[in-house]
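Undergrad: after the sequence you'll find the predicted model.
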Number of protein chains: 2
Amino acid sequence: MVAGAAELIGARGVGATSVRELAKFTGAPLGSTYHYFPGGKDQLVEEAVGWVSGRIEKLLSRTGDQGALAVLDAFIANWREFLIASDYQASCPVLAVATEDTVTAGPASAAFSRWHDLLVEVLRREGVAPKRADRLAWLIVGSIEGAVVMSRSQRSPEPMEAVAAELRGVIREAVKA
Amino acid sequence: MVAGAAELIGARGVGATSVRELAKFTGAPLGSTYHYFPGGKDQLVEEAVGWVSGRIEKLLSRTGDQGALAVLDAFIANWREFLIASDYQASCPVLAVATEDTVTAGPASAAFSRWHDLLVEVLRREGVAPKRADRLAWLIVGSIEGAVVMSRSQRSPEPMEAVAAELRGVIREAVKA
DNA sequence: GTCTATACGAAGATAGAC
DNA sequence: GTCTATCTTCGTATAGAC
């Protein structure tokens, strides 16, 4: 159900995702939703953000040993698949929450921060200077999130792949320097 | 009123911005809104996107002669001011529409595309190779949009400035190459 | 042309039958 | 514990008095 919430929120945004629809979407009755999620919609949104964030963090620690380029490739491949499989309906639920909501913005903010910090670690392990790693990590997180929206909006993998190509260049240069 | 719509949509998203609130926000009665915007909320959203897009395009053509770095600086300065002045409530309405809505996604998609094309022109005038200019333009548009969300989310100009610093490096390198 | 009052549906949430 | 029926509030949109 949390996964369903993440999917719907990513695709249509928080405001456009009603608890009713979500219940129908996941096959659960409306009442049960409030039994399992007494906090209502806010709790559901929060758990969806946490769930996605956890998955991203797993991906980061799984590929982190192989360096920042491997992380980037894993992200891009993942998003490419998601976007195409959903016919360009999917998007990042964390970004959606961060853009829309103000109540549950805390967890979204924390998620971005965690992703950034994990990326900084990866970059520093590859010898990138601390200050540079900090800046580069924000570029990577920010531009991938932005690129997902661009690609979804253009209904084409091209923007995302363009961003990936440029990021690869920057990462290679930063690691070498 | 269109400006107010853009502001509210940027801050709270499309779904969370009701026509009622917007009328109150701009001081207009609810009925008048439907007199001037017979298309209702959809028309309002669409015009807000068009209005913002026009402003961005103006900024692009005004600073474009001075090169991509000047464009970047203008954007960052603009967003910095907006974010701080709004106590990190502001965000890009076009991104909000592109993330949330499906009906009015067309104009948002067109806006991104136009910004990209204008940036490609600027880059090519500075001698950047066509293919590279295309990719780099997507990186710039995507990462600035992403960076605005990151900075808003972190309630700090830092992510945006980090992205700007990295972009400056990439642009300088691309122009030189 | 401007605005108030209202229609109608859908939202979040809950009470209470099973 | 599960689910249906319902309460209240707020959404978009409009009708019709000025």
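TA: Done, it's in. Numbers count the residues shown, from 1 in each chain, chains lettered A, B, ... in the order given.
Undergrad: who in chain A is up against DNA strand C?
TA: Contact residues (CB under 7 Å from any atom of the strand) of chain A with DNA strand C: A:17-21, A:30-31, A:34, A:38, A:40-42. Yep, even glycine has a C-beta here, placed from its N, CA and C like the rest.
Undergrad: looking at those, which is nearest chain B?
TA: A:Thr17 (8.7 Å; CB to the nearest CB).
Undergrad: thinking again about what came up before, out of the residues of chain A next to DNA strand C, what pair is the most spread apart?
TA: A:Glu21 and A:Pro38 (19.6 Å; CB to CB).
Undergrad: so which of these two has more stuff around it?
TA: When A:Glu21 and A:Pro38 are compared for neighbours, A:Glu21 comes out ahead with 13 against 8, by other CB atoms under 10 Å in any protein chain shown.
Undergrad: so that one makes contact with A:Ala5?
TA: No - using CB atoms under 8 Å, A:Glu21 and A:Ala5 do not qualify as a contacting pair, with a distance of 10.2 Å.
Undergrad: using the three-state scheme, assign the residue in chain A that chain B sits nearest to.
TA: Per CB to the nearest CB, A:Gly15 is where chain A lies closest to chain B, at 2.0 Å. At A:Gly15 the chain is in coil, as set by DSSP: H, G, I helix; E, B strand; the rest coil.
Undergrad: how near is it to A:Gly67?
TA: 39 Å (CB to CB, to the nearest Å).
Undergrad: then A:Ala111?
TA: Per CB to CB, A:Ala111 is found 23 Å from A:Gly67.
Undergrad: between these two, point out the one with more neighbours.
TA: A:Ala111 (25 against 16).
Undergrad: what helices or strands is the helix or strand where the more buried one lies leaning on?
TA: Taking DSSP states H and E as the criterion, A:Ala111 maps to helix A:105-125. Secondary-structure packing of helix A:105-125 (3 or more CB pairs under 8 Å, 6 or more residues apart in numbering or on different chains; DSSP states H and E): helix A:40-63, helix A:68-85, helix A:93-100, helix A:130-154, helix A:158-176, helix B:130-154.
Undergrad: is it possible to get CSV of these that adds mean neighbour count and mean pLDDT?
TA: Conversion of the helices and strands packed on helix A:105-125 to CSV gives the following (neighbours: other CB atoms under 10 Å in any protein chain shown; pLDDT from 0 to 100):
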stretch, mean neighbour count, mean pLDDT
helix A:40-63, 18, 98
helix A:68-85, 17, 98
helix A:93-100, 28, 98
helix A:130-154, 25, 98
helix A:158-176, 20, 98
helix B:130-154, 25, 98
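Undergrad: which one of the ones you listed lies closest to DNA strand D?
TA: DNA strand D lies closest, by CB to the nearest atom of the strand, to one member of those: helix A:40-63, at 12.9 Å.
Undergrad: is any part of the closest one close to chain B?
TA: No - Helix A:40-63 is not in contact with chain B by CB under 8 Å from any CB of the partner chain; minimum separation 11.5 Å.
Undergrad: quick one: that helix to helix A:130-154, angle?
TA: For helix A:40-63 against helix A:130-154, the angle by axes from the mean of the first three to the mean of the last three CA atoms, to 10 degrees is 120 degrees.
Undergrad: up against DNA strand D, what does chain A have?
TA: With CB under 7 Å from any atom of the strand as the criterion, chain A meets DNA strand D at residues A:28-32, A:35.
Undergrad: please pick the buried ones from those residues.
TA: Taking 16 or more other CB atoms under 10 Å in any protein chain shown as the criterion, nothing in those is buried.
Undergrad: tell me the one among those residues nearest to DNA strand D.
TA: Set against DNA strand D, the nearest of the residues of chain A next to DNA strand D by CB to the nearest atom of the strand is A:Gly31 (2.5 Å).
Undergrad: helix A:68-85 and the helix holding A:Ala111, what's the angle between them?
TA: 140 degrees.
Undergrad: what residues of helix A:105-125 count as buried?
TA: A:105, A:107-112, A:115-116, A:118-120, A:122-123.
Undergrad: any chance of JSON lines for those residues, columns pLDDT and distance to B:Ser156?
TA: Below are the buried residues of helix A:105-125 laid out as JSON lines (pLDDT from 0 to 100; distance: CB to CB, whole Å):
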{"residue": "A:Ala105", "pLDDT": "95", "distance to B:Ser156": "14"}
{"residue": "A:Pro107", "pLDDT": "98", "distance to B:Ser156": "17"}
{"residue": "A:Ala108", "pLDDT": "98", "distance to B:Ser156": "15"}
{"residue": "A:Ser109", "pLDDT": "98", "distance to B:Ser156": "10"}
{"residue": "A:Ala110", "pLDDT": "98", "distance to B:Ser156": "14"}
{"residue": "A:Ala111", "pLDDT": "98", "distance to B:Ser156": "16"}
{"residue": "A:Phe112", "pLDDT": "98", "distance to B:Ser156": "11"}
{"residue": "A:Trp115", "pLDDT": "98", "distance to B:Ser156": "16"}
{"residue": "A:His116", "pLDDT": "98", "distance to B:Ser156": "12"}
{"residue": "A:Leu118", "pLDDT": "98", "distance to B:Ser156": "19"}
{"residue": "A:Leu119", "pLDDT": "98", "distance to B:Ser156": "17"}
{"residue": "A:Val120", "pLDDT": "98", "distance to B:Ser156": "16"}
{"residue": "A:Val122", "pLDDT": "98", "distance to B:Ser156": "22"}
{"residue": "A:Leu123", "pLDDT": "98", "distance to B:Ser156": "20"}
